[in-house]
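>>> A structural model of the following input is requested.
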Amino acid sequence: MKKLCETVGFLVFVQGAAGLLHEWFDWFRLFSVVRRLPFFGDHALFVCIVLVVTGVAIMIASDSIKE
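Prediction:
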C-alpha cells in the first residue's frame with residue numbers, strides 16, 4: 001500500500017510539473033494531461049500548481065503508512 005501511494009503521488013507530481021513546464025516554456029506538449037482537458041480552460045496553471053502540491057503531500061503522507 002505504501003508503494004502504491006508513493007507511485008500515485010509521484011505520478012500526480014510529474015503531471016503537475018509537466019503542465020507547469022508546458023505553461024512556462026511550451027515543453028512536454030504531448031505529456032501533460034491538464035492541457036488536454038477542456039473544462040479547466042484558463043485555470044490550467046492553477047491546476048498544475050495544485051497537482052504539484054498534492055503530489056508532494058501524497059508522497060509525504062505515504063511515509064506514515066506502516067508496511
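
>>> in the protein, where is pLDDT below threshold?
For the chain, the stretches flagged by pLDDT under 70 are 28-29.

>>> residues contacting the residue lying closest to residue 19 once chain neighbours are set aside?
Nearest non-adjacent residue to residue 19, counting by CB to CB, 6 or more residues apart in numbering: residue 48, 3.4 Å away. Quick note: C-beta positions are derived from backbone N, CA and C, even for glycine. Applying CB atoms under 8 Å, 6 or more residues apart in numbering, one finds that residue 48 lies in contact with 15-17, 19-20, 23, 32, 34.

>>> mind saving the C-alpha coords of stretch 45-56 as PDB?
What follows is stretch 45-56, C-alpha atoms only, in PDB (Å, rounded to 0.1, in the frame of the first residue of the first chain):
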ATOM      1  CA  LEU A  45      -1.700  27.000 -14.400                       C
ATOM      2  CA  PHE A  46      -3.500  26.900 -11.100                       C
ATOM      3  CA  VAL A  47      -4.500  23.200 -11.600                       C
ATOM      4  CA  CYS A  48      -0.800  22.400 -12.300                       C
ATOM      5  CA  ILE A  49       0.300  24.100  -9.100                       C
ATOM      6  CA  VAL A  50      -2.300  22.200  -7.100                       C
ATOM      7  CA  LEU A  51      -1.200  18.900  -8.700                       C
ATOM      8  CA  VAL A  52       2.400  19.500  -7.700                       C
ATOM      9  CA  VAL A  53       1.500  20.400  -4.100                       C
ATOM     10  CA  THR A  54      -0.900  17.400  -3.900                       C
ATOM     11  CA  GLY A  55       1.700  15.000  -5.300                       C
ATOM     12  CA  VAL A  56       4.200  16.200  -2.700                       C
END
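
>>> give the buried residues for it.
Residues of stretch 45-56 classed as buried by neighbour count (16 or more other CB atoms under 10 Å): 47-48, 51-52, 54-55.

>>> now find how far off-centre it is within its chain.
In terms of CA atoms, centre = their mean, to the nearest Å, the centre of stretch 45-56 is found 5 Å from the chain centre.

>>> swap in stretch 16-30?
Worked out by CA atoms, centre = their mean, stretch 16-30 lies 11 Å from the chain centre.
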